[in-house]
Every structure is written in structure tokens, then in C-alpha cells.
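[1] turn this into a model:
(chains A and B)
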Amino acid sequence: MSGLSRRKFVCGTAFSAAGIVMSDGFSGFIPRSNSGSNSSSESSEKKYNIMQEVMKYRKIDSHVHVNLSSTNSEVQKKFAEVLMNYSERMKVEKLMLSNPVTRLINSIPDGRPESFIANNNSVLGVMKIYPKIFSGSFTFNPVHAKESMDEIKRCVDLGMVNAKAYYQTKINDPSYYPIVEKMIDLKMVIHMHAEAQIGVGGYRMKYNGYKPLNVSIPDDFVDIAKRYPEAIFQYAHIGGGGDWEYMCKTLKNSPNVYVDTSGSNNEENLIDFAVKQLGENRVLFGSDNCYYQCVGKILASNLNESQMKKIFFENYNNLLRKGGRNVD
Amino acid sequence: MLIDINAYVGHWPFQQLKYNTCEALLQRMNKFGVDVSVISNLNGIFYKNTQSANEELYEEIRSNSKFKDRFIPFAVINPIYAGWRDDLETCVTKLDMKGVRIYPKYHDFDIIDPACIELVKRVRDYGLPVAFNYRMVDSRQRSWMDIGYVVGTAKKEWNLKDIIPIIKAVPDAKYMILNFANAAVLSPEEINLVKNTDLIFDTSGRTITNMAEFLNLYGTNKFAFGTHSPILDYLTGLLRIESLYSNEADENTKELLRSGNAKRMLGL
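    Predicted coordinates for the structure are as follows:
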């Protein structure tokens, strides 16, 4: 990271899977010209220095995306600079990048093999730009069983370390079974987009027309996790706008389901509640490209230093360690 | 000095809140180095008669002498409810309120309803600021009993374009625009209106994905530290300021964001 001191201005657009549409073009960070200069005022330094706290903790971002709106390599290269700026500014030493297929075609999620292959290629391209910082997760659609298995093999051979799927197919659909079994063999995390949006979907997700039918909800994770207790599931973005109390309470007794803290929503008590419900070992730091909230919500929690270390870094690194892919 | 221009005490009917009393908020402020907080009573959003909430806040602040210098109370006024003019006068002249927060969506009136325009003008004439916000909570997790402005639906959460009409209607008022949560493409005319109005945004909102870009677009005099506490976490709004590199914001600019712009608007 130390050699990356000056970066070009980047105005690529990040379409967060959590649902922020940056219609005015704001996104990411602009470059710095000197290092270590983000100081606090004299008064706040005496009381609390937030940047000292930011720099105190090593971090692995378990949920972060390349530019989701384009597979163009130049667009992705520019966006890589935004990601590196975030990495430097917030001391995130590893980014688990993914590019799930988020587009809808006639209101139906695009689940074509050519689409997930193209998206994986964009991640692979970005991984090569800063290979020490960028790691990658592959995406697929299990209803295309052979193509998905072939793609997993290709991506693993090229250095990807986890799976990241979207709402093409529910996580507990039988088509997932061979994928889950493959991931067990590979000792890899299955990271799945998930929602529990009472306000949008109606109480208990009535699917009132605003969400695709195959969005995975917490109960779906409970189901698949019970069927495959040796698998490792990552429930995406408890800060992604859904009802995080509902999520955590549902997942409480599924010990092989981890949650990541990413998403644009940074409600007070979200982190403390998650740790209280799930324990300090099942909560993973993530941004979903929300670069301030991801750190702020954890620093504002009541976790002690040991717990913060676990959430920012150790918990996810321990999952990587299962397959010998840990970063330290 | 650090001034939080966007904090509350009180309850949210659909979810338990932490740190939602003056005592608990003060502990939060002391822990993280916040000197002063501008607060309203959340109950005022839900009481039909908002003055009851203003009186509750007044009594809570009076209940302990250490609160007086640390909290700046803002009234919640509903301009389509009986007696609001008297309530406003009481809040300003007797309850020591230093501004007014207005909730058109929750109190069910258009932002340029003649009553709202009159309220803004009256507050202006007292020399005090009015505050509007984009949203109180993320609508994706709202209770089914909460108001029906929902992201992803035809009746969306507000963005800046929804607030601009009142600024156009009363351009010489002072405005605090809180919880910058949704993006909007503004016309050059609208950008100029924002720039030429005595207006500040707080730093709590999720749409501020790059603080430096926002400073460049709107100006360094247009932002002030805010938390949206106790609904949002206490530190993200501060992180947006303190993580700025020196080539993005020098110390003078950071001081404007921490307290300078707030002081100017609050007349401190």
C-alpha cells in the first residue's frame, strides 16, 4: 500500500447492492497528496481521536464490489483507484471483491452463464491491478449446474477464494445442493445477498411486487445451514437496509451462518445487537462500498478492543484459514 | 470544538433506541468529544400536539444544571395544528428554543403548504434556523405502521429536490438540511439557490459517499457535523470530516465543519 501515494481523481459510480443509486455521480474517494495528515482538532484529540482508532485495527472487507454497473476494463481500472483510496484511508488491507449479476431483464434477474462469466472476468481483471490488496469471489447461477461448476473451477484456478451469489436463485433451492457440497470440499465461504425488508416487501416479506421472488431471506439461510452444518454461509449486509433485528434473531441458532456488517444503513446499536445475538465470532466487517459507515458503525459500538479486532479482521481471516487462504 | 447539529432525545415507536435521554446522550458526547448538541424531542414527530414534546424537552434540560450548556433545544412545530403560532412564540420566548424542526411527511402537509411557508417566515423573523430532513429512518426497514415514503416504490423517500421548493418560497430563511440520504441531480439554478442560501447540511447522511466531492460542489460553508443520533451511529458523521486528507480540507476547513458553520447559523 505504501507505494500508492497519489491517485487520479476517480468518478466511477458504485451501485451498492444495498440499493444506493448515486444519480448525481458522487462516489468513492478522491486522492490524497500526503500521508498521515488526517488529524483531529486539538479539542477532539484530547477527548477522542477517531483516526487513531481507525488506524489501530487491521481490517479485511468481506463484502465489497468492483464497479457493478460496467464490465468495461477501463471503467474498472478507474474504480480500482477508488477502492485503493478507501483501503489506504481506512486501513483495509484486504478487499474481498465480487461482481454479482444485479441487472434485471424484464424484471427478472439476469441469470445467464455468459453474464456471470463476464462479471467474474471483470473481478479477475481488477484483482490483477493490486493483487496484494484485492482478492476475489466468483459468482454463478446454480440452475445452470454444469456451467456453474465449470466456472467455479476456472475461477478457483485463477485465484478466487470465495463464492458470492445474488438473487437469481434462493440459497436453499435444491439446485444449490451440489454447489454447497463443492464449497464444502473447497473450504470456502458461500456469501449470499440477502434481505429482510419489512418496509418494502411487507411484513414477513410478502413480496408485494418490489422485489424479485428469489431473494433469499434469513429463514432460507436457516434451512440450508441446517442441511449442511459443515458449510460456511455469509449472510450479506445486515446494514443493507433490512430489519437487522429480525435477521440476527432468525440466524441466532444457525452457527454456520456468519453475517457481514456492510450496507449503507448505520443504525446505532446494530453492531452491539448482532454480537449479542450471534456472538463475537460470527460477525464480519464489510462495507458494500459504503466507506464511512462501515467503519463508523463499529467504532461507535460498545465492543471492547478484542471484539473489534475480531470483527474487523480475525473472524474473516479465520474463515480464510480453513482453506489455507488467510492473509497473515 | 465539536457541535452536533442533528441529535434527538425521545422515543421511536417502532424500535427501541439507546442513548435517547439527555443523560445518556451527554455520556455519549463526553466519550467521543462532542461539546454541544442541537436536540429535539422525537416524541414531537408522533404527538398530535407537538407542544407537549417541546415542554418535555424543556423540562428534561432543566432537570440537571449540567445540561444547560451542552444542549441547544429546537422545537418541533406542526403548522397545521391548532395553536401553533402561540406554541412557536412560547418555544422561542419562554422555553429558550433556538430553532425549529419541521416534519411535513409525518405531520401530513405539503412542504409549500401556506401554513408551512408562514411557519418558516415566522422562524426567520425570529432570526432562527428551520430544519428539514430527508428521512428519519431507512424506509427499507420501516415498520408497516410508519409513513409510506419507501425507497424503491412510486412514493419515494425525499431527496434534495423535494426540499428545494420551500427554499425557493422563503429564500432568506436559515436552513439546516439533515440526514442527506438520497441523491438528486440538481439543475444549475438549484445549485445556485443552495449556494446562495444560508443553509447547511449535516454530515450524517449516507449519500455523502465522498466528503471532499461534496465540499467542492456545495462549498466548505455548507456542511456541519451531525450524527442523527440516536437513530444512526454516533461516529460516521465525524469520520466523514476527520478522514479528509489535508489536500481535501485544511485545518481551517475542518474547524468550519466541526463547529464554525454551526456557530454561524446558531449565532453562537
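
[2] show me where pLDDT drops low in the stretch 51-200 of chain B?
    In the prediction, the stretch 51-200 of chain B carries no residues with pLDDT under 70.

[3] do a quick rundown of the helices in it.
    Per DSSP state H, counting those that start in this stretch, the stretch 51-200 of chain B carries helices over the ranges B:84-93, B:104-107, B:114-125, B:160-169, B:188-196.

[4] what does the stretch 101-250 of chain A give?
    So, for the stretch 101-250 of chain A - with DSSP H, counting those that start in this stretch - the helices run A:113-129, A:145-157, A:177-186, A:198-201, A:218-227, A:244-251.

[5] need the residues that contact the fifth one.
    The one in question is helix A:218-227. With contact meaning CB atoms under 8 Å, 6 or more residues apart in numbering or on different chains, helix A:218-227 is reached by A:170-172, A:176-177, A:180, A:192, A:194, A:196, A:231, A:233, A:235, A:246-247, A:250-251, A:253-254, A:256-257. Heads up, the C-betas are built off the backbone N, CA and C, glycines and all.

[6] now do that helix and helix A:177-186, the angle between them.
    Relative orientation of helix A:218-227 and helix A:177-186, computed by axes from the mean of the first three to the mean of the last three CA atoms, to 10 degrees: 60 degrees.

[7] any idea which helix or strand carries the residue most central in space within chain A?
    In chain A, the residue lying closest to the centroid (CA atoms, centre = their mean) is A:His63, at 1.3 Å. Per DSSP states H and E: A:His63 is located in strand A:60-65.

[8] and whatever helix or strand comes next after that strand, what does it pack against?
    The helix or strand immediately downstream of strand A:60-65 is helix A:73-89, counting by DSSP H and E. Using 3 or more CB pairs under 8 Å, 6 or more residues apart in numbering or on different chains; DSSP states H and E, the elements in contact with helix A:73-89 are strand A:94-98, helix A:113-129.

[9] tell me which of the ones you listed sits nearest to B:Tyr126.
    Of all these, it is strand A:94-98 that lies closest to B:Tyr126, at 50.5 Å by CB to CB.

[10] who does that closest one touch, helix- and strand-wise?
    strand A:60-65, helix A:73-89, helix A:113-129, strand A:134-138, strand A:162-165.

[11] mind redoing it with 7 Å?
    strand A:60-65, helix A:113-129, strand A:134-138 (3 or more CB pairs under 7 Å, 6 or more residues apart in numbering or on different chains; DSSP states H and E).

[12] identify the residues contacting stretch A:242-260?
    Contacts to stretch A:242-260, defined as CB atoms under 7 Å, 6 or more residues apart in numbering or on different chains, come from residues A:62-63, A:195-198, A:218-219, A:221-222, A:225, A:229, A:231-238, A:270, A:273-274, A:277-278, A:282-284, A:286, B:140-141.

[13] typo on my end, stretch A:142-154
    Stretch A:142-154 has contacts (CB under 7 Å, 6+ apart) with A:111, A:113, A:116-117, A:120, A:138, A:140-141, A:169, A:173, A:175-176, A:178-179, A:182.

[14] now with 6 Å, please.
    Here stretch A:142-154 makes contact (CB atoms under 6 Å, 6 or more residues apart in numbering or on different chains) with A:113, A:117, A:140, A:169, A:175-176, A:179.

[15] same deal with stretch A:267-281?
    Stretch A:267-281 has contacts (CB under 6 Å, 6+ apart) with A:244, A:248, A:252, A:283, A:297-298, A:301-302, A:307, A:310, A:315, B:18, B:230, B:233.

[16] pLDDT on it, on average?
    Mean pLDDT, stretch A:267-281: 98.

[17] what residues of that stretch count as buried?
    If you call a residue buried by 16 or more other CB atoms under 10 Å in any protein chain shown, then stretch A:267-281 has these buried ones: A:267-275, A:277-278, A:280.
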